[in-house]
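> kindly generate the corresponding structure for this input.
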Amino acid sequence: MTVTDKAPLLTVEHLRMRFGGLLAVNDLSMTAARGEITALIGPNGAGKTTVFNCLTGFYKPTEGRITMHRKDGEKFLLERMDDFRITREARVARTFQNIRLFGGMTVLENLMVAQHNPLMRASKQTIGGIFGIASFKRAEKEAVELAEYWLDHINLIDRADDAAADLPYGEQRKLEIARAMCTDPQLLCLDEPAAGLNPAESDELNKLLLFVRKERDTGILLIEHDMNVVMEISDHVVVLDYGEKIADGTPDEVRNDPKVIAAYLGVEDEEVDAVEHEIEETAAEART
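Got it, this is the predicted structure:
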C-alpha cells in the first residue's frame, strides 16, 4: 500500500507498549503528515488509545521512538518528554473519548484557560497581570481575539458567557476541539470525536476538521469508530489489530483490504484468504 509523499509531521518507529505480560502495542511504525488527516482505526482493544497515550506523554513506551517534526525544523523525541512539555514545546494537543471541559466555567473561559502559558509569561508569572502591565494587556487582548475567532467558527459566539456544561453534547464536542486549537498545536490528536453524535452533528464535525486541516495547516491524528467520518475526511488510514499494524494506506486501499475486513468481522487468520476470494467474486459480479 502507498502512503503519503508529504514530509512527516510525526514519525513513530518500532513502538512497543507492554503492561506486565500484555503486549498492547507491538512494533508499530507509522507517519502522520503536516496538513493531513491520519486516521488510526481498528476493533475495540486494538491498542489505538494506548498509542495516543504514548504520543502525548501519559505513558512512557517500553520501546521505540516517537519524533515530532515542528515547522521551524526542530525535532522532539516525545518518548523522552513529560506530557506538559509535549504540549508546550512540541506543540501536540489532544482530546479524549470522554469530554473533559470545565463545566462550571463559561464557554469563553474554557478557551482562555487553554492559553494559560502565554498569558502567564506575559504577566511575569501573575505580578504583571495584577498591575496591568502593557505586555499582559496585549497578550490578554490577543487571547480573547483568538477565543472569539474559534467561537465564531464553531457558531458559539452567542453562548460565550454560558456555562460549558449547559451546551448540548455535540456543541461540547466542538468546544473541546476549539479549546485544543487555542494552544496553537501543530499536531491535533482526537480520540473518538464523533462518539455519540447524530448524523447532522457528525457532518458539522467533518467540516470543522477539514477547516483545521486546510486553513490552519494542522496535522490531525484521529481515532474513530465511525467509518463514515473516517472514509469521508481522512487522507491516510492506519489499521491496528491486537496491537499490530495490519494496513496502512489511503481510505480506498484500506476499505478493500481483506485483512482489515477480516479483523472487523472477527474471523481467524486462516479465513482471510476466503474473505479475499469473496471480495474478488463480488467485484467481478459488479463488473458484469
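> contacting residues around the residue nearest to residue 104 when sequence neighbours are not counted?
If you skip the residues right next to it in sequence, residue 104 has residue 163 as its closest partner in space, 6.3 Å away by CB to CB, 6 or more residues apart in numbering. Placement of C-beta: from N, CA and C, glycine included. Taking CB atoms under 8 Å, 6 or more residues apart in numbering, we find residue 163 in contact with 103, 104, 105, 106, 107.
> now a PyMOL select for only the buried ones of those.
In PyMOL, the members of the contacts of residue 163 classed as buried (16 or more other CB atoms under 10 Å) are selected with the following command:
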select buried, resi 106+107
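> any idea which of the contacts of residue 163 is closest to residue 264?
Top of the list for closeness to residue 264, among the contacts of residue 163 and by CB to CB, is residue 103 at 35.2 Å.
> for that closest one, give me phi and psi.
In this entry, residue 103 is assigned phi and psi values of phi -60, psi -30 (degrees, to the nearest 10).
> relative to residue 66, how far out is the residue positioned nearest the centre of the chain?
Within the chain, one residue has its C-alpha closest to the average C-alpha position: by CA atoms, centre = their mean, that is residue 189, at 2.0 Å. When distance is defined by CB to CB, to the nearest Å, residue 189 is 12 Å away from residue 66.
> next one: residue 97
Here residue 97 is placed at a distance of 21 Å from residue 66 (CB to CB).
> which one of the two has more residues nearby?
The residue with the greater number of neighbours, taking residue 97 and residue 66 and applying other CB atoms under 10 Å, is residue 66; the counts read 25 against 14.
> wait, the more buried one touches residue 56, no?
No - counting by CB atoms under 8 Å, no contact exists between residue 66 and residue 56, whose distance comes to 9.8 Å.
> strands of this protein, start to end?
Along the chain, the stretches classed as strands by DSSP state E are 8-19, 22-33, 37-41, 63-69, 75-77, 92-94, 187-191, 219-223, 236-241, 244-249.
> looking at the ones you listed, which is closest to residue 138?
Between residue 138 and the strands of the chain, the shortest gap by CB to CB is with strand 92-94, which sits at 23.5 Å.
> in terms of secondary structure, what does that closest one contact?
In terms of contact count using 3 or more CB pairs under 8 Å, 6 or more residues apart in numbering; DSSP states H and E, strand 92-94 is assigned the packing partners helix 48-55, helix 169-181, strand 187-191.
> can you list the strands that that strand pairs with?
Each strand paired with strand 92-94, and its direction, by DSSP bridges: strand 187-191 (parallel).
> just the CA trace of the partner strand, in CSV.
Output for strand 187-191, consisting of C-alpha atoms alone and laid out as CSV, is shown next (Å, rounded to 0.1, in the frame of the first residue of the first chain):
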residue,chain,number,x,y,z
LEU,A,187,-0.5,18.1,15.7
LEU,A,188,-4.0,17.6,17.0
CYS,A,189,-4.8,14.2,18.4
LEU,A,190,-8.6,13.4,18.6
ASP,A,191,-9.8,10.4,20.4
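> distance from it to the middle of the chain?
Between the mean C-alpha point of strand 187-191 and the mean C-alpha point of its chain there is a distance of 2 Å (CA atoms, centre = their mean, to the nearest Å).
> from residue 171, how far off is residue 25?
For residue 25, the distance to residue 171 - CB to CB - is 34 Å.
> how about residue 195?
From residue 195 across to residue 171, the span is 15 Å (CB to CB).
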